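# give me coordinates for this.
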Amino acid sequence: MTYEKGPVLERFTHEELTQQATPVSEQLDKEAGKTERSGNKLTGLSSEVVAQMGREFAEEFGLPNSDDIFARAAMLARDPGTFEGDEFLSDEEKQACWAEEHKPWTSMTRQLIAIICAAALSAAVQGMDETVINGAMLFYPKVLGLGSGSKRDSWIEGLINGAPYLCCAGFSCWTTDWLNNRLGRKNVIFVTCAISAVTCLLQAFAPTGVQGWHYLFAFRFLLGLGIGPKSATTNVYLAECATRQIRGCTTIFWQFFTAFGIMWGYIFTLIFYRVKPTGVHGGLNWRLTLSSAMLPALLVMIQIPFCPESPRWLMGKKRYREAFENTVKIRPHRILACRDIFYQHILLMEEESLQLPFWSRLRQMVSVRRNRNGLLASCICAFMQQFCGINVIAYYSSSIFVESGFSEISALCSSLGFGLINFCFAIPTFFMIDKRGRRYLLLRTFPWLALFLLVAGFAFWIPGTQARIGVVTMGIYVFSAIYSFSCGPVPFLIAAESANLASRSLNSSIFTVVLWGFNFILSVTWPSMVRAMKPQGAFGFYAFWNAAGFFMVYFCVPETKQYTLEELDEVFDVPLRTRIKYNFQEIWPNVQYHILRRTKVKRRTPLGPPSVKFNDLEEKPEQEHVERVDTSSSSINAEPVLDNQC
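From the prediction side, this is the model:
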C-alpha cells in the first residue's frame, strides 16, 4: 500500500484496517505465545504509520499536540498491553497506564464518578416509579370506585399499573434514537427525569370517583415518556464514558440500582402508610406515596448538568474539541485521554462506513444472520426477564401478601423485605458475571425460579394461616434472591454484547420495546389472572415460562463472556439451525456430566471461535473437566477425542 496519495489518516477504510490487522496480529500473537485474538484495528500497521495518523488526527480537528502526545497516544493505542516496554512513554505515563489496568476503580476521576452516580440515580428513578404503585394499590382503588373486585375493576387496576409500560413499548422507546441524536446522552437523561418528576407529582392530585382513575391512567401513561428513553440511554452513556476495565460492572449498575430504587419505593410506602387524610378528600397517604418517586429524579436533574457529555456522541457530531476536553475530564491522565479519543475515532470511521438509513438498518436486523441471531438472543432475554414473574411480585406483592393472610401493614413490611433481598442479592453479580458467564447463570437458575414460584403458589392451599403465610413468604423471598443475580442483570448485559457496533443503538431500542411491552402485558393481566386462576394457577403459569425459558436459552442463546466484539461476530454468525442441532446433540453429555456427575464425558467441539484461555499464573475461569473433540475439526459431528485440560 502506498501513502503518497494524501494524508495517512485518510488512507485506511474499515476494510483496509481489518485486512491489514488480522494476519499481522495473528502472527504477533503466535510469536508471543498468546491464544487470545487481537481485535485491534491498528495492530497490523507499523508504529511510524500509526504515529503519523495520530499527528494528522490532531491537526485535522485542531487538538493540542504538545510533546507530540497524539503520536505517542496512537502508538499506545496500537498495542496498549505492552506499555511497560514502550520507550516513547514517560515513567508518569506508564504509571497511569498501570493504574488504569490494575486499579481501575481507585484511578477514576471525579467526573467519571459523577457520571456513574447520575446513572445509578437514574436507575433508582425507574425502580421507584415501578414500585410506589404497589403500596398505593391498597388504598386508591376504593377511592376511585374500583374496589368491587369485579372483572371490569380488575382489568382497570391492571391497566393503571401497566400504563407507563404501554407508553414505553408503543411510543417512547421508539423515540430514543431521535432524542439522542438531537439532545445528546446527558440531556436525554435530564429531560426524561424531568418528565418523571412532573408526572409523579401530578399523580398525587387525582380526583376521586370515576374521573379519578381516568386522570391517574393518563399521568401514569405520560410517566412512560420518562421511563422508556432513559432506560435505553443510561447504559449507552455509561458504556461510552467508562473504561473497558470497568465497563461490564458499570453496565450491571443499571439493574443493581433499579433494585435499590425498588427497595426505596417500598420504604416510602411504609413511611406514608399511617398518614392521616388531614382534610384531603380521598386520603393523603397514597398520594404522598405516588409523588415520592419524584425525589431521585430531582437529584438527577441537579447533578447531571455538571457531568460531561459523552465524548462518543460529541465525535459523532464532529465536535472533536469538546470531545477531547470531556475525555480529559473522565480519564486520569492526558495520554489515556488522547489514546481513547484517537482509537474511538478509528472505530467511528468503521461505524459510519456501515451506517444506513433507519429503515434499511431495521430491515438488516432481520435479513442479516449475525444481526438476527444477536437480536433473537436479546429478545429472548428481554421476554424472560418479564415472564419469569418477578414484576408480578414487584408490582403486586402487597396484594399477594394480603391475600395470603397478612394484615396491610404486615404486607407492606413483607414487601420491603422483598425489596431488600432484591437489592442485596444483586451484589454477587459483580463477582460471578465474568467468572461464571451469562448463559451459565441463566441455565443454572431458571429451574430454581420455576420451583420456588410453584412453592409460593401451591402454599395458598395450606389451610393454616401462619403456615401458609410463612411458606408463601419463603417462596417469594428465595425466588427474588435467585432472580437478583441471574435473570435480573444478565439480559441487559447480553443486549449490550449481542449487537455489533453499527446496530447497537437499534438493537438496544428493540430490546427495551420488547422488555416494556411484555412488562405491560404482565402488569395488566395479573389482577384478572389471579381472579380467574387463583394464586396457584397464576404462579404456576409463570413457573411454566421459567421452564420454557431454560430451553429457549439453552438452544438459542450462546455464551458471550471472554469474547472480544470481533469474536462475538463469529459467535452470532453461526446459523441458528446449526446451533440448535449442536445443543440438542449435547443434551446427553450434559446430563451425564451435570446430573450423573461423570468426570469423563465425550463432548463435541464448541461452536464459534475458541474462548479466551489464561496463562498458568493468571486467574482461571471455572471450566468443565470433560473430554472434547479435537478443536481443529470444524464439524460438530466429528468423532470425539480425549481432551483432559481443565
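# remind me, longest helix of this structure?
Across the chain, the longest stretch assigned as helix under DSSP state H is helix 504-556.
# show me how far that one is from its chain's centre.
Mean-position distance between helix 504-556 and its chain equals 17 Å (C-alpha atoms, centre = their mean, to the nearest Å).
# what does the average pLDDT come to for it?
For helix 504-556, mean pLDDT is 89.
# next: stretch 202-211.
87.
# show residues contacting that stretch.
Residues from elsewhere that reach stretch 202-211 (C-beta atoms under 8 Å, 6 or more residues apart in numbering): 140, 143-145, 212-213, 215-216, 219-220, 223, 281-282, 287-288, 290-291. Using the backbone N, CA and C atoms, a C-beta is placed for each residue, glycine as well.
# change it to 7 Å
Stretch 202-211 has contacts (C-beta atoms under 7 Å, 6 or more residues apart in numbering) with 143-145, 212, 215-216, 219-220, 281-282, 287-288, 290-291.
# point out where the chain drops to low pLDDT.
Counting by pLDDT under 70, the ranges of the chain that qualify are 1-40, 248, 350-356, 501-502, 562-567, 608-646.
# which residues in it form strands?
Counting by DSSP state E, the chain has no strands to list.
# can I see the domain layout of it?
Split into domains by the TED database, the chain comes to 53-103+333-354, 109-307, 364-603.
# single out the most deeply packed of those.
domain 109-307 (a mean of 21; mean count of other C-beta atoms under 10 Å).
# how long is that one end to end?
With C-alpha to C-alpha, to the nearest Å as the measure, domain 109-307 spans 12 Å from end to end.
# could you check how far the closest residue in space to Ile160 that isn't next to it in sequence is from Leu146?
Nearest non-adjacent residue to Ile160, counting by C-beta to C-beta, 6 or more residues apart in numbering: Phe217, 5.1 Å away. Here the criterion is C-beta to C-beta, to the nearest Å. By it, Phe217 lies 11 Å from Leu146.
# OK, contacts around the residue lying closest to Ile510 once chain neighbours are set aside?
Closest residue in space to Ile510, ignoring its immediate chain neighbours: Leu375 at 6.4 Å, by C-beta to C-beta, 6+ apart. Applying C-beta under 7 Å, 6+ apart to Leu375 gives the contacts Met365, Asn507, Ile510.
# let's see that with 8 Å instead.
By C-beta under 8 Å, 6+ apart, the contact set of Leu375 is Met365, Val366, Ser498, Ala499, Asn507, Ile510.
# cool, Cys97 as well?
Residues in contact with Cys97 (C-beta under 8 Å, 6+ apart) are Leu76, Pro80, Phe83, Leu89, His333, Ile335, Leu336.
# so the third one is in contact with Lys94, correct?
Yes: taking C-beta atoms under 8 Å as the contact criterion, Phe83 and Lys94 are neighbours in contact, 5.7 Å apart.
# which one of the domains of the chain lies nearest to Gly44?
Shortest distance between Gly44 and those, using C-beta to C-beta, is found for domain 53-103+333-354: 9.3 Å.
# which two in the contacts of Leu375 are spaced the farthest apart?
Val366 and Ser498 (14.5 Å).
# that older thread, now, among the contacts of Leu375, which is nearest to Ser47?
Ala499 (32.6 Å).
# I'd say the closest one and Asn371 touch.
Yes: here Ala499 reaches Asn371: they are 7.3 Å apart, a contact under C-beta under 8 Å.
# what sits in contact with each of the two?
Common neighbours of Ala499 and Asn371 (criterion: C-beta under 8 Å, 6+ apart): Asn507.
# ok so, going back, just curious, which of the contacts of stretch 202-211 is nearest to Asn519?
Comparing the contacts of stretch 202-211 against Asn519 with C-beta to C-beta places Arg220 closest, at 13.1 Å.
# might you report the residue contacts of that closest one?
Counting by C-beta under 8 Å, 6+ apart, Arg220 has contacts Ile133, Ile160, Asn161, Ala163, Pro164, Thr199, Gln203.
# quick check: it vs Asp153, distance?
Going from Arg220 to Asp153 by C-beta to C-beta gives 17 Å.
# geometric centre of the protein: which residue is closest?
The residue lying closest to the centre of the chain (C-alpha atoms, centre = their mean) is Phe492, at 2.1 Å.
# I'd like the distance between it and Ala548.
From Phe492 across to Ala548, the span is 21 Å (C-beta to C-beta).
# same question for Ile116.
Using C-beta to C-beta, Ile116 is found at 36 Å from Ala548.
# is it true that Ile380 touches Met552?
Yes: using C-beta under 8 Å as the test, Ile380 is close enough to Met552 to be in contact (5.1 Å).
# what ranges does the stretch 151-300 of the chain have for its helices?
151-170, 176-183, 185-203, 210-241, 247-271, 285-291, 294-303 (DSSP state H, counting those that start in this stretch).
# okay if I get these as a markdown table plus distance to Asp67?
Below are the helices of the stretch 151-300 of the chain laid out as a markdown table (distance: least, C-beta to C-beta, whole Å):
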| stretch | distance to Asp67 |
| --- | --- |
| helix 151-170 | 49 |
| helix 176-183 | 36 |
| helix 185-203 | 31 |
| helix 210-241 | 26 |
| helix 247-271 | 29 |
| helix 285-291 | 55 |
| helix 294-303 | 35 |
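# out of these, nearest to Ser397?
helix 247-271 (8.3 Å).
# and the two most separated of the contacts of Cys97?
Maximum distance among the contacts of Cys97 (C-beta to C-beta): 13.0 Å, for Pro80 and His333.
# spatially nearest residue to Leu441, not counting backbone neighbours?
Of all residues not flanking Leu441 in the chain, Ser486 sits nearest, at 4.4 Å (C-beta to C-beta, 6+ apart).
# next one: Ala124
The nearest residue in space to Ala124 (C-beta to C-beta, 6+ apart) is Gly261, at 3.5 Å.
# same check, this time on Gly417
That would be Tyr477: by C-beta to C-beta, 6+ apart, it lies 6.6 Å from Gly417.
# pretty sure the one you found sits against Phe418.
Yes: assessed by C-beta under 8 Å, Tyr477 is found in contact with Phe418 at 6.6 Å.
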